[in-house]
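>>> Okay, structure incoming, though there's no sequence with it:
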Ligand SMILES: Nc1ncnc2c1ncn2[C@@H]1O[C@H](COP(=O)(O)OP(=O)(O)OP(=O)(O)O)[C@@H](O)[C@H]1O
C-alpha cells in the first residue's frame, strides 16, 4: 500500500546546522498489516512517520501510495507518487487517508472531549450533525461518553489516549499512524492499547507504529518490524 523508496530527510539543508534525520530509507508498508518502526530516541522514527503521513516532504526519494483518493486527481487504482504533489493535494490525501495518534496526544486544552474528537473532520466539511453523532459514537465505544462535554484537562492519561484514538478515527482513515503510543501508559494500559490495535487490524486498517517499547514491537500482532539507527534502516526487516 505504501512504498518508501530511498527517502532522505535533511533538516536545515544547506546551512551549517544541516542534519539528516532519515537517510536513504526504503521499505514497504502492507495494507491491513501492523508495521512497527523501532529504534532508539533520535533515530528518525517520528521524521519517517511524518513523511509517510504526508505531514512533511522528503529532501529526496519517493513515496508511493496505492488506492488513495483526492479530489482533482485521477482515481489512483495504481500507485500515486505523493512526494511531488502540490500542497493542497498532499493535505487532502493526508486528511482522507491517515489518522494520527501523536506521542503527546496533541489534544487541545480547554476544549471539550467531543470537540477534540471532531476537530480533524472540520476541514472536510460535511453535515455537522452527522459528525457530532459519529464523534459521540466513538466516545461511547471507548467508554468516554460521560466526559463528552468536559474539557479534556480533567481526563487521566489512559482516557486522554483513548480520546486521541477516537480523534484519529473520526475521518475513518485507511491508515492509522501512532508515534510512541505507549510512552505515557503503564503496562496494563499499553496491553489494552495493543488489543485495540488488534481489533483495528481485524477491521482491515493498516497500522504503522513507531515505538521503542518491547510490549509493542514484540507483540504477536506485529506483522513487520523495521529498525532505524541514526536515520538508516539496520538489518533485515523481520516479519
Ligand atoms: N524540525 C527539526 N529540525 C531539526 N532537527 C530535527 C527536527 N525534527 C527532528 N530533528 C532531529 O532529527 C533526529 C531524529 O528525530 P526524530 O524525532 O525523527 O527521532 P525519533 O526516533 O522519533 O526520536 P524520539 O523517539 O525521541 O521521538 C533527532 O536528532 C532530532 O533532533
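Received it, and whenever you're ready, just let me know what you need. Values in this document were obtained by computation on a predicted structure and should not be read as measured data.

>>> C-alpha from now on. contacts and neighbour counts both.
Noted.

>>> So which bits of the chain are right by the ligand?
Within the chain, the residues that sit near the ligand (C-alpha under 6 Å from any ligand atom) are 11, 21, 40, 41, 42, 43, 44, 45, 46, 47.

>>> Can you pull out the low-pLDDT segments for the chain?
Scanning the chain for pLDDT under 70 picks out the ranges 68-77, 236-239.

>>> what's the single longest helix in it?
helix 187-202 (DSSP state H).

>>> Sort out which residues of that one are buried, please.
Neighbour-count burial for helix 187-202 flags 189, 190, 191, 193, 194, 197, 198, 200, 201 (criterion: 16 or more other C-alpha atoms under 10 Å).

>>> for stretch 49-65, same thing?
Neighbour-count burial for stretch 49-65, counted by 16+ other C-alpha under 10 Å, picks out 49-54, 56-59, 61-65.

>>> In helices, which of these fall?
When DSSP H defines the helices, the subset of the buried residues of stretch 49-65 inside them is 49, 50, 51, 52.

>>> which of the residues you listed lies closest to residue 28?
Closest approach to residue 28 among these (C-alpha to C-alpha): residue 52, at 10.6 Å.

>>> Tell me which stretches of this structure form helices.
Per DSSP H, the chain carries helices over the ranges 45-52, 87-97, 113-118, 128-141, 157-169, 187-202, 214-217.

>>> Identify the residues contacting the fifth one?
If you take C-alpha atoms under 8 Å, 6 or more residues apart in numbering as the criterion, helix 157-169 is touched by 98-102, 105-107, 113, 116-120, 135, 138-139, 142, 144, 152, 176, 184-185, 189.

>>> Only the buried subset of those residues, as a ChimeraX command please.
To isolate the buried subset of the contacts of helix 157-169 in ChimeraX, counting by 16+ other C-alpha under 10 Å, use the following:
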select :98,99,100,101,102,105,107,113,116,117,118,119,120,135,138,139,144,152,176,189
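
>>> rewinding a little: other SSEs contacting the longest helix of the chain?
Applying 3 or more C-alpha pairs under 8 Å, 6 or more residues apart in numbering; DSSP states H and E, one finds that helix 187-202 makes contact with helix 214-217.

>>> and the helix it packs on, what other elements does it pack with?
Helices and strands touching helix 214-217, by 3+ C-alpha pairs under 8 Å, 6+ apart, are helix 187-202.
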